[in-house]
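J.: sequence isn't available, so here's the structure alone:
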């Protein structure tokens with residue numbers, strides 16, 4: 001019995017967002033060569049069923065619900081001949097990703113358990129035709145991190161497999177997390193279908209305590225660039241007024257979900273808004289910046305003495321006092337002591353006595369020391 005058209009259309013809806021028409025034709029050609037459909041390839045990657053393209057080496061098997069995860073869950077079949085390698089005993093051995101099931105797009109997402117292949121330079125997660133990486137630090141701190149990727153290609157840019165920008169969890173996702181995932185996905189898909197032509201970037205007000213000001217900047221979706229063996233196409237290029245080209249990029253995923261995104265680093269970081277912020281939003285941003293500045297000032301004030309103790313240096317002595325010390329005298333010496341020290345040095349350092357000292361430098365030290373002593377007496 002043939003599959004209903006709805007499932008096929010639902011699967012292809014993913015292509016309308018993720019790939020171009022040319023790429024869609026190439027994927028369809030690849031599916032035809034394998035004797036399957038594009039929907040079958042997509043279903044196999046989602047681990048929703050054992051489709052005709054099982055040669056991809058990936059199917060899903062049902063798991064017995066447990067007290068920890070009672071929602072729909074599947075396990076990705078391990079790729080033969082691939083063994084995990086870990087540097088730390090504390091790194092996760094398995095992670096979970098969420099996917100919509102074709103034909104039941106509004107139902108609870110399916111969680112797929114995947115192996116972790118390596119913890120070197122991030123967490124490497126096993127996928128049907130390769131792997132993707134997520135941030136080790138973010139996954140450990142937040143419990144979830146985004147694995148970024150799009151259409152995987154070979155050296156000739158022929159499609160090999162499909163890979164989404166998915167959220168990776170270090171635990172079986174709960175029902176609340178799955179609902180949040182659906183909400184995020186709807187927002188992301190809407191923005192990817194229709195990228196904004198303009199965004200607003202905030203900057204500090206003209207005076208302390210004044211609301212932030214915003215600048216309207218033109219924006220467009222960035223051309224995809226290769227990261228490892230994936231094509232990344234989720235950046236938004238931003239061109240400020242007066243610039244001839246785009247000088248910055250913003251993560252479209254964060255912009256879609258939160259309505260704003262931070263870009264830049266450290267004190268130079270700025271905030272980009274998908275829609276023009278209200279006056280209340282600008283006041284709140286200004287107040288938050290002032291609060292952080294005051295907190296930083298208090299911290300520096302409390303820790304100032306501690307840090308200054310390491311960086312404090314003694315003031316350089318006066319030239320006359322430095323000359324006295326170089327002659328081997330202290331500040332209590334008189335003129336006769338200076339002349340006596342000078343004659344002693346001459347006897348040992350003069351070239352006629354077999355010395356190698358600089359007589360001009362020695363005379364300069366004597367005169368400077370005498371001037372210092374005489375000025376102190378008077």
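T.: Sure, I can see it. Keep in mind it's a predicted model, so treat the numbers as computed, not measured.
J.: Validate this expectation: residue 131 resides in a strand.
T.: Yes - remark: residue 131 belongs to a strand, assigned using DSSP: H, G, I helix; E, B strand; the rest coil.
J.: just checking, it touches residue 121?
T.: No - counting by C-beta atoms under 8 Å, residue 131 stays clear of residue 121, with 11.8 Å between them. The C-beta positions use only the backbone N, C-alpha and C, and glycine is treated the same way.
J.: strands along the stretch 251-378 of the chain, start to end?
T.: Ranges of strands within the stretch 251-378 of the chain are 260-263, 270-273, based on DSSP state E, counting those that start in this stretch.
J.: what sits up against the first one?
T.: Defining contact as C-beta atoms under 8 Å, 6 or more residues apart in numbering, one finds that strand 260-263 is touched by 248-251, 254-255, 269-274, 277.
J.: lowest pLDDT pick from the residues you listed?
T.: Least confident entry in the contacts of strand 260-263, by pLDDT: residue 269, with 73.
J.: find the nearest non-adjacent residue to that residue, please.
T.: When the adjacent residues along the chain are set aside, residue 269 lies closest to residue 262, with 5.4 Å between them (C-beta to C-beta, 6 or more residues apart in numbering).
J.: again, but for residue 342
T.: For residue 342, the spatially nearest residue (C-beta to C-beta, 6+ apart) is residue 366, at 4.3 Å.
J.: got the contact list for the one you found?
T.: By C-beta under 8 Å, 6+ apart, residue 366 lies in contact with 323, 327, 338-339, 342.
J.: can you check residue 114 too?
T.: 76, 94-97, 125-127.
J.: surely it is in a strand?
T.: Yes - remark: residue 114 belongs to a strand, assigned using three-state DSSP.
J.: and the pLDDT at it?
T.: In this prediction, residue 114 has a pLDDT value of 91.
J.: got it, and residue 95?
T.: In this model, residue 95 carries a pLDDT of 92.
J.: just list whatever residues bridge to the nearest residue to it once chain neighbours are set aside.
T.: If you skip the residues right next to it in sequence, residue 95 has residue 168 as its closest partner in space, 5.0 Å away by C-beta to C-beta, 6+ apart. Here residue 168 shows beta-bridge partners residue 97, residue 145, assigned using DSSP bridges.
J.: on that earlier part again, make CSV out of the contacts of residue 366 and add neighbour count.
T.: Supplementary listing: the contacts of residue 366 in CSV, determined by neighbours: other C-beta atoms under 10 Å:
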residue, neighbour count
323, 22
327, 20
338, 24
339, 13
342, 18
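J.: so which of those residues sit within helices?
T.: Secondary structure assignment (DSSP state H) places 323, 338-339, 342 from these within helices.
J.: among these, which pair sits farthest apart?
T.: 323 and 339 (13.0 Å; C-beta to C-beta).
J.: count of residues packed around the residue nearest to residue 95?
T.: Applying other C-beta atoms under 10 Å, we find 24 residues neighbouring residue 168.
J.: can I get the contacts of residue 366 in a markdown table with pLDDT and distance to residue 147?
T.: Conversion of the contacts of residue 366 to a markdown table gives the following (pLDDT from 0 to 100; distance: C-beta to C-beta, whole Å):
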| residue | pLDDT | distance to residue 147 |
| --- | --- | --- |
| 323 | 83 | 69 |
| 327 | 84 | 72 |
| 338 | 87 | 77 |
| 339 | 88 | 82 |
| 342 | 87 | 78 |
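J.: and residue 198, what are its bridge partners?
T.: Where residue 198 sits in a bridge, its partners, by DSSP bridges, are residue 218.
J.: contacting residues around it?
T.: Residue 198 neighbours (C-beta under 8 Å, 6+ apart): 216-219.
J.: let me have those residues in CSV, extended by neighbour count and distance to residue 116.
T.: Supplementary listing: the contacts of residue 198 in CSV, determined by neighbours: other C-beta atoms under 10 Å; distance: C-beta to C-beta, whole Å:
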residue, neighbour count, distance to residue 116
216, 12, 44
217, 18, 40
218, 15, 41
219, 25, 36
